[in-house]
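Asker: Predicted model follows, preceded by the sequence.
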Amino acid sequence: MKPKIFITRKIPTHIVSHLEKSCDVSIWNYENTPVPREVLEEHIAEADGLFCLITESINEELLKKATKLKVISNMAVGYNNIDIEAASKKGVTVTNTPGVLTETTADLTFALLMATARRITEASSFLREGQWQTWSPMLLTGQDIYQSTIGIIGLGRIGEALARRAKGFNMNIIYHNRSRKLQAEEELGLQYVSLEDLLKKSDYVCIMTPYTPETHNLIRKEHFQLMKNTAILINTARGGIVNEKDLYQALAEGEIWAAGLDVFEQEPVALDHPLLTLPNVVTLPHIGSASISTRLKMAEVAADNLLRVLNGEIPRNVVKK
Ligand code: GLV
């Protein structure tokens, strides 16, 4: 009998066909509607494998319903949506898709940094709303990027790829990480600093760390107070790493200059969220890895990880606590 797998969203059909060769596949085949909880519960009870997204919370309660589950394959690098400990207690392997999205996510992070520094979205709306009357010396002036200081919090793959882009802009690059990355320091001329020093010295503070209980609200009121009034915060990691209330306060009171956010604590962010009322916030709907080619690769890697576990092989990417 073929193993049963459940895919929690519409994915490219060639990947479904590939999985169907060796698996009995069920899909929540909708593009923009997350799978309802009861449907997920129903399927997880029977499934040998689960192909899921960051929009699904795979918690202990849900896992209790799984009787045969061997693998949870998350189509993402981050896996804070999965209770890894509960999965491992049940002997369920968890996999993710690192590597293939590194450069694409670093591109988006740098694009957001530039858009925020140079007020791109604000300027575009200004023109379309008919406000452009004349060229004017200080109209829509922003912050320089070249030769400024970028502080990267979390020097994993994507943080390092961001540093390479920053080097191309002749930026002074400082970073804070759990451990020092001597090779990256040497190759890219990075300087390791404490979190406090990073916040004090950076023109751009970029959050590139995974979201864990330790990094929940890592950046809050006292940290914004350390930052320059001209500083820009960029977050393409996870919303919960920043205390959003404190960020709003810091932006509204001019404690920091602007923020570029691809992620929010609650996604999709509510349209009446206070951060969305501020002109100095550039917002995106969590599209860090969203290039066509990268999303295809992520789906392919997720499918491959899932099949390997079901075939008793070692998957490319195993997540461990
Ligand atoms: C997206 O946020 C991911 O973790 O891949």
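Answerer: Arrived safely. Numbers count the residues shown, from 1 in each chain.
Asker: Check the secondary structure at T105 for me.
Answerer: helix (DSSP: H, G, I helix; E, B strand; the rest coil).
Asker: how far away is the closest residue to it other than its chain neighbours from K4?
Answerer: Closest residue in space to T105, ignoring its immediate chain neighbours: G288 at 4.2 Å, by CB to CB, 6 or more residues apart in numbering. Where C-beta positions appear, they are placed from N, C-alpha and C, glycine not excepted. Distance of G288 to K4, given as CB to CB, to the nearest Å: 32 Å.
Asker: Over to T97?
Answerer: Computed as CB to CB, the T97 to K4 distance reads 22 Å.
Asker: Of the two, which one has the most company?
Answerer: The residue with the greater number of neighbours, taking T97 and K4 and applying other CB atoms under 10 Å, is T97; the counts read 26 against 18.
Asker: Can you read off the pLDDT for that one?
Answerer: At T97 the predicted local distance difference test score is 98.
Asker: show me the contacts for it.
Answerer: Contacts for T97 were tallied using CB atoms under 8 Å, 6 or more residues apart in numbering; they are 74-77, 297-298, 301-302, 305, 317.
Asker: hmm, try it at 7 Å
Answerer: When contacts are counted by CB atoms under 7 Å, 6 or more residues apart in numbering, T97 touches 75-77, 298, 301-302, 317.
Asker: what's the answer for L251, then?
Answerer: For L251, the contact set (CB under 7 Å, 6+ apart) comprises 259, 278, 280-281.
Asker: Select the longest helix from this protein.
Answerer: The helix that spans the most residues within the chain, counting by DSSP state H, is helix 292-310.
Asker: Checking it against the ligand, do any of its residues make contact.
Answerer: No: Helix 292-310 lies apart from the ligand when judged by CB under 6 Å from any ligand atom; the minimum separation is 7.1 Å.
Asker: How about that helix, which residues are buried there?
Answerer: When burial is assessed from 16 or more other CB atoms under 10 Å, helix 292-310 yields the following buried residues: 294-295, 297-310.
Asker: Kindly report the residues of the stretch 1-150 of the chain close to the ligand.
Answerer: Within the stretch 1-150 of the chain, the positions lying close to the ligand (CB under 6 Å from any ligand atom) are 54, 76-78, 101.
Asker: circling back to that earlier point, output the longest helix of the chain as CSV, restricted to C-alpha atoms.
Answerer: Below are the C-alpha coordinates for helix 292-310, written out as CSV (Å, rounded to 0.1, in the frame of the first residue of the first chain):
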residue,chain,number,x,y,z
ILE,A,292,9.2,32.1,-9.0
SER,A,293,12.4,30.0,-9.2
THR,A,294,13.0,29.9,-5.5
ARG,A,295,9.5,29.0,-4.5
LEU,A,296,9.7,26.2,-7.1
LYS,A,297,12.9,25.0,-5.6
MET,A,298,11.5,25.1,-2.0
ALA,A,299,8.5,23.0,-3.1
GLU,A,300,10.9,20.5,-4.8
VAL,A,301,13.1,20.3,-1.8
ALA,A,302,10.2,19.9,0.6
ALA,A,303,8.8,17.1,-1.6
ASP,A,304,12.2,15.4,-1.8
ASN,A,305,12.7,15.6,2.0
LEU,A,306,9.2,14.0,2.5
LEU,A,307,9.8,11.2,0.1
ARG,A,308,13.2,10.4,1.5
VAL,A,309,11.9,9.9,5.0
LEU,A,310,9.0,7.8,3.7
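Asker: Would you check how far apart the residue nearest to the spatial centre of the chain and the ligand are?
Answerer: By CA atoms, centre = their mean, the chain has its centre lying nearest to A237, at 3.6 Å. Distance of A237 to the ligand, computed by CB to the nearest ligand atom, to the nearest Å: 8 Å.
Asker: Fine by me, we can end here.
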